[in-house]
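1. From the sequence below, what's the structure:
(4 chains)
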2 protein chains.
Amino acid sequence: MAPASASASSAAIELLQSHSLTTLVQRELERRILAGELEPGAKLAEEDIASDLNVSRGPVREAFRALEQAGLVRTEKNRGVFVRQVSVDDADEIYEVRAGLDELIGRLLALRIQPAQLAELRELLKKMQKAARAKSVDAYYPLNVRFHDRLAEFTGNRTLVAHYRRLVNELHLYRRETLARGADSFPISTREHSEIVDALARGESDRAGKLMYEHAMESRDRLHAALEK
Amino acid sequence: MAPASASASSAAIELLQSHSLTTLVQRELERRILAGELEPGAKLAEEDIASDLNVSRGPVREAFRALEQAGLVRTEKNRGVFVRQVSVDDADEIYEVRAGLDELIGRLLALRIQPAQLAELRELLKKMQKAARAKSVDAYYPLNVRFHDRLAEFTGNRTLVAHYRRLVNELHLYRRETLARGADSFPISTREHSEIVDALARGESDRAGKLMYEHAMESRDRLHAALEK
DNA sequence: CGATTACAGATTGTTGACAATCTACAAACT
DNA sequence: AGTTTGTAGATTGTCAACAATCTGTAATCG
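-> The predicted structure follows:
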């Protein structure tokens, strides 16, 4: 068998071996929640989802338990499961923890970052500046998410990445809820991003950490300020 | 109906309303894993657990999905679920994140701590010093866990507490695995604990954070050193 | 005699059915 | 008329059976 075909079928085998229906349902629901197709507070009826995805209720219920533990849904016994609603107070808590992790990311990364990684970050910065000049929030937002996600990944600490992503997901839920109320400000943080990358490049551990902590707290303040309006 | 009886039955109602079999199975398995009754790497057979707890396989499988997301078990499709094994590298990652959260806890708490909370911490310190003088690890260890857990709780940030506890649970799993290999050192950290409480009492935010960060990293080094032997 | 294949038993993945609970609407009562 | 009670429908919680996959053993082949 040709190598290409061999790797393709081995990928298919891998898929079947690792992905149960529960996993696929979980992933799809997570996608729909984060994409906003399922809004905060929306009820997830087992039967509806099961028939929609052409599976029985068992895998759906198992996916619910995983999503609950991941903080994306809330379960009321005998009532159903609902997309989690993140209150302002909840968001404050989450931002506080995220700022702590961001500081850690900055400190660790300044000691470990590789030239190729720095290049990728600078590449992202360019695209973000371009989107900022064009005042295109739709282009800027995903780049910003990616920028911060790469920072976390570059630490090489998978535990850190997992905890960081969970917080970002929960905040995404908050943003999703406030978005409906028309409150959203354009993030004018390209300057801060550049300073962070510069500190990382110079290996200034404490400074990079401090910059990232402050950046996270300011992004919290910006969202709150936007809500006041 | 008498108040006492009323509150007792309302508690029973509360229990039935909030706790499904899945929840109870999840809690029991978590207890057994953290207590070491189920050792890292041990296989959890659905049928065995189901018949042991007098429930069917459904709730057991749902509990598995929650425990998996909580990082306590690992699932291999068509093979079964196993108590998670935390490697030295994993533990290093976890300690790194925990140190970051501990620093955050110290910084936040120094700004918010209440007199009654300080009193409770000092009370715990006394008991720990007594256990240390008696060289009783069995008495010291749970007090140490409780001390740090209370520090997290006193921040009033439930998100922070949740993430902190998850890390502690995972480290508990690591400790459990190394324990079998006879490597464990007596924690001689009463001095550091006192300094932390003093910094909190004086409201020295940055110093409390730094002390807690270093305390976490040293406790990592202690465990590693014990493993070398 | 060692390696491979075929089979049987056991375990997990999935499904559909039954029991318990909740929700909504209508009838009865004050 | 408004409130309460009762009932029917729908939804969730639990269970048991079926299908698919894996593991270990024995028979077969080189």
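2. now the strands: where do they sit in chain A?
-> Assignment of strands within chain A using DSSP state E yields the ranges A:43-44, A:73-76, A:80-83.
3. In CSV, list those strands along with mean pLDDT, mean neighbour count and distance to residue A:110.
-> Where you see a C-beta, it was placed from the backbone N, CA and C, and this is true even at glycine. Listed next are the strands of chain A as CSV, based on pLDDT from 0 to 100; neighbours: other CB atoms under 10 Å in any protein chain shown; distance: least, CB to CB, whole Å:
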stretch, mean pLDDT, mean neighbour count, distance to residue A:110
strand A:43-44, 96, 16, 42
strand A:73-76, 96, 17, 37
strand A:80-83, 96, 19, 38
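4. Verify the stated contact: residue A:132 with residue A:140.
-> Yes. With contacts counted by CB atoms under 8 Å, residue A:132 reaches residue A:140, the gap being 6.0 Å.
5. Return the residues of chain A in contact with DNA strand C.
-> Counting by CB under 7 Å from any atom of the strand, chain A comes close to DNA strand C at A:20-22, A:54-59, A:78-79.
6. What residues does chain A have near DNA strand D?
-> Counting by CB under 7 Å from any atom of the strand, the residues of chain A that sit close to DNA strand D are A:16-17, A:43-47, A:57-58, A:61, A:75, A:77-81.
7. Pick out whichever of the residues you listed sits closest to residue B:206.
-> residue A:75 (40.3 Å; CB to CB).
8. beta partners of the closest residue to that closest one other than its chain neighbours?
-> Closest residue to residue A:75 apart from its sequence neighbours, by CB to CB, 6 or more residues apart in numbering or on different chains: residue A:81 at 4.7 Å. Judged by DSSP bridges, the bridge partners of residue A:81 are residue A:44, residue A:75.
9. Could you measure from residue A:81 over to residue A:89?
-> Shown here: residue A:81 relative to residue A:89, a distance of 22 Å by CB to CB, to the nearest Å.
10. per-residue confidence for residue A:175?
-> Listed pLDDT for residue A:175 reads 81.
11. So what's the residue count around the closest residue to it other than its chain neighbours?
-> Nearest non-adjacent residue to residue A:175, counting by CB to CB, 6+ apart: residue A:223, 7.2 Å away. When neighbours are defined as other CB atoms under 10 Å in any protein chain shown, residue A:223 has 20 of them.
12. So residue A:223 is in contact with residue A:172, correct?
-> No. Counting by CB under 8 Å, residue A:223 stays clear of residue A:172, with 11.7 Å between them.
13. Neighbours of residue A:123, how many?
-> 10.
14. give the contact list for the residue lying closest to residue A:216 once chain neighbours are set aside.
-> Spatial nearest neighbour of residue A:216, chain neighbours left out: residue A:99 (3.8 Å); criterion: CB to CB, 6+ apart. Residues in contact with residue A:99, defined by CB atoms under 8 Å, 6 or more residues apart in numbering or on different chains, are A:212-213, A:216-217, A:220, B:104.
15. Residue A:99 and residue A:152, how far apart?
-> 13 Å.
16. Equivalent analysis for residue A:217, please.
-> From residue A:217 across to residue A:152, the span is 17 Å (CB to CB).
17. so what's the residue nearest to residue A:75 up against?
-> By CB under 8 Å, 6+ apart, the residues touching residue A:81 are A:43-44, A:64, A:67-68, A:73-75.
18. same check, this time on residue A:29
-> If you count contacts by CB under 8 Å, 6+ apart, residue A:29 has them with A:38, A:44, A:49, A:63, A:67, A:72-73.
19. and which of the residues you listed is nearest DNA strand D?
-> residue A:44 (6.8 Å; CB to the nearest atom of the strand).
20. Hmm, the closest one is touching residue A:80, no?
-> Yes. Using CB under 8 Å, residue A:44 is in contact with residue A:80, at 6.9 Å.
21. So which bits of chain A are right by chain B?
-> A:17-20, A:22, A:58, A:61-63, A:65-66, A:68-70, A:77-78, A:90, A:93-94, A:96-97, A:99-101, A:103-104, A:108, A:157-160, A:163, A:166-167, A:170 (CB under 8 Å from any CB of the partner chain).
22. Apply 7 Å and report the result again.
-> Selection of chain A residues close to chain B by CB under 7 Å from any CB of the partner chain yields A:17-18, A:20, A:22, A:61-62, A:65-66, A:68-70, A:77, A:93-94, A:96-97, A:100-101, A:104, A:157-160, A:163.
23. Would you mind giving me the ChimeraX syntax to select the buried ones in those residues?
-> Restricted to buried positions by 16 or more other CB atoms under 10 Å in any protein chain shown, the ChimeraX selection for the residues of chain A next to chain B reads:
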select /A:20,22,61,62,65,66,68,69,70,93,94,96,97,100,101,104,157,159,160,163
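24. Least confident secondary structure element in chain A?
-> helix A:3-18 (a mean of 58; mean pLDDT, DSSP states H and E).
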